[in-house]
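Participant: Okay, predicted coordinates and the sequence, questions at the end:
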Amino acid sequence: TSPSLKTIVPISGISDLYKYNFVNGVHIEPQGYAFNAYYWAMVGVSPVGLSGGTQASDPDPQHSATSGAGELCPEQIEVQEGGLTSGLDGNKDAYWQERDFLAELRASWDKNPVRASVFYIHGLQDWNVKDHNMQDWLPAVQETGVPYKVWLGQWGHAWPQPTSDTAVCDYNETLKRGSDCRADWWTTVMIAWFDQFLKEVDTGIMDAPRVQVQDDDGRWHHEQVWPPTDVARHLFRLTADGRLDSVGGTGTVGYHDGFGSPLYSIEPPASVDVAQTPFDVTWRSEPLTQDWTLSGMPVFHANITVDKPRANLILTMGEQLPSGEVRAFNFCAQSLNHVADLAEGKLDITDLRQELTLECFPQDDVLHAGSRLVLIAAGNTVGTPNPAFQPLTYGAFITIEMEGACLELRVDHSIVYEDPQPYDAEK
């Protein structure tokens, strides 16, 4: 670390460029297929006014020539080749491994005794730089021992507080919840953080809670680390008749992945009997008797077999309200070709029985008393907003064994809510 670097404030930070393009080998649309090409076109060779490129319209011809030559350097060939090959197979190959900053941090663990402080900020509804970038990365940063602070809120790909003069960041009377932002970001917290680490003024910012997290009810609570370690693990077992309970079942369930198309919107081949073929499987729990805050990464476990060379498991977690409406709140994705090795996926997994343990996205969600937990397996996610997957598949029938199949939830029953909430003064 440079001695001149005193602090880092990553907002929607990328810890691993592979994770910006893929989730466990599942392609994100469109990044997984063409990110290296289209981003280069947007910011490297496009004119001013079109996504910020400069080369084509620079008034100085010498600047234009040298910039253009730079875009055609040998490294650019490597970048385009890396994007193309992974777009075809989803592998986290040498190109992506070199751009894995978590691996770089771990490799330099004992080589940088002086590290900058970190104020880590990410929106839990950021489906651009998805929050699985904090998975493993955030604990690793915390383990370095550097001064750190964390804000995780329910905003998307954005600042914790809007920059617009007309934006409102307060209690939403219509939704009866706090807004997806914080009103103390610019005026209080950032000034205190930078004064602490750039001016060496004791502002008291490090006496504030280490981690402040907003659940999807709009309430902020405090933790020492995140994901929290003081959670209860609740296990739901799956049954062939669609239940989530404590006992589980035997037998199998199966569904056609619909070629990875959301809600199965493409014409199936003649070999698929649409009338007799399920395109999703749903499991439901009994209604909860109290509110649960799911904090961290849910984990799914099962043995799975498919009938085609390539396939993916994509799960949607939701809350079924007493009205019957289902609110999707989390998702899980795994290329079944990459269960054993993310760097070199299997070319053909036809009839290969695989045991899978899959962590879902990091989230902070509230399941309400009277609602049911819902788990949906389908060719793509159900509900919006969502991670925008575009799975690479040959149109497979996926079979899940019920014996041993389960969904583990990390439930925080010891929530310490922020008091006052950041919007209370404006209620």
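Facilitator: In hand now; what should we look at?

Participant: Tell me where the stretch 51-200 of the chain has helices.
Facilitator: 61-71, 74-89, 94-97, 101-107, 137-143, 190-198 (DSSP state H, counting those that start in this stretch).

Participant: And those helices: which comes nearest T239?
Facilitator: helix 137-143 (33.9 Å; CB to CB). Using the backbone N, CA and C atoms, a C-beta is placed for each residue, glycine as well.

Participant: Need the contact partners of that closest one.
Facilitator: By CB atoms under 8 Å, 6 or more residues apart in numbering, the list of residues contacting helix 137-143 from outside reads 15-16, 101-102, 105-106, 118, 120, 148, 150, 225-227.

Participant: and it, C-alpha only, in CSV?
Facilitator: Provided in CSV are the C-alpha atoms of helix 137-143 (Å, rounded to 0.1, in the frame of the first residue of the first chain):
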residue,chain,number,x,y,z
TRP,A,137,-14.2,-9.9,0.3
LEU,A,138,-15.8,-8.1,3.2
PRO,A,139,-14.7,-10.7,5.8
ALA,A,140,-11.2,-10.6,4.3
VAL,A,141,-11.0,-6.8,4.7
GLN,A,142,-12.3,-7.0,8.2
GLU,A,143,-9.7,-9.7,9.0
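
Participant: Just the buried positions in that helix, please.
Facilitator: 137-138, 140-142 (16 or more other CB atoms under 10 Å).

Participant: check which helix or strand covers P422.
Facilitator: When elements are assigned from DSSP states H and E, P422 belongs to no helix and no strand.

Participant: measure it to S179 for me?
Facilitator: Remark: distance between P422 and S179 (CB to CB, to the nearest Å) = 9 Å.

Participant: model confidence over stretch 373-393, on average?
Facilitator: Averaged over stretch 373-393, pLDDT sits at 93.

Participant: Show the end-to-end separation of that stretch, please.
Facilitator: 28 Å (CA to CA, to the nearest Å).

Participant: Sort out which residues of it are buried, please.
Facilitator: In stretch 373-393, counting by 16+ other CB under 10 Å, buried: 373-382, 387-393.

Participant: Would you format the contacts of helix 137-143 as JSON lines with pLDDT, distance to S86 and neighbour count included?
Facilitator: Below are those laid out as JSON lines (pLDDT from 0 to 100; distance: CB to CB, whole Å; neighbours: other CB atoms under 10 Å):
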{"residue": "S15", "pLDDT": "95", "distance to S86": "18", "neighbour count": "24"}
{"residue": "D16", "pLDDT": "95", "distance to S86": "13", "neighbour count": "22"}
{"residue": "F101", "pLDDT": "94", "distance to S86": "17", "neighbour count": "16"}
{"residue": "L102", "pLDDT": "93", "distance to S86": "18", "neighbour count": "17"}
{"residue": "L105", "pLDDT": "90", "distance to S86": "22", "neighbour count": "18"}
{"residue": "R106", "pLDDT": "88", "distance to S86": "22", "neighbour count": "12"}
{"residue": "V118", "pLDDT": "96", "distance to S86": "29", "neighbour count": "20"}
{"residue": "Y120", "pLDDT": "96", "distance to S86": "27", "neighbour count": "21"}
{"residue": "Y148", "pLDDT": "94", "distance to S86": "32", "neighbour count": "18"}
{"residue": "V150", "pLDDT": "96", "distance to S86": "30", "neighbour count": "21"}
{"residue": "V225", "pLDDT": "90", "distance to S86": "33", "neighbour count": "15"}
{"residue": "W226", "pLDDT": "90", "distance to S86": "30", "neighbour count": "21"}
{"residue": "P227", "pLDDT": "91", "distance to S86": "28", "neighbour count": "20"}
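
Participant: Now render these as a markdown table, adding distance to T239.
Facilitator: Output for the contacts of helix 137-143, formatted as a markdown table (distance: CB to CB, whole Å):
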| residue | distance to T239 |
| --- | --- |
| S15 | 37 |
| D16 | 36 |
| F101 | 42 |
| L102 | 37 |
| L105 | 42 |
| R106 | 40 |
| V118 | 44 |
| Y120 | 40 |
| Y148 | 43 |
| V150 | 38 |
| V225 | 35 |
| W226 | 33 |
| P227 | 28 |
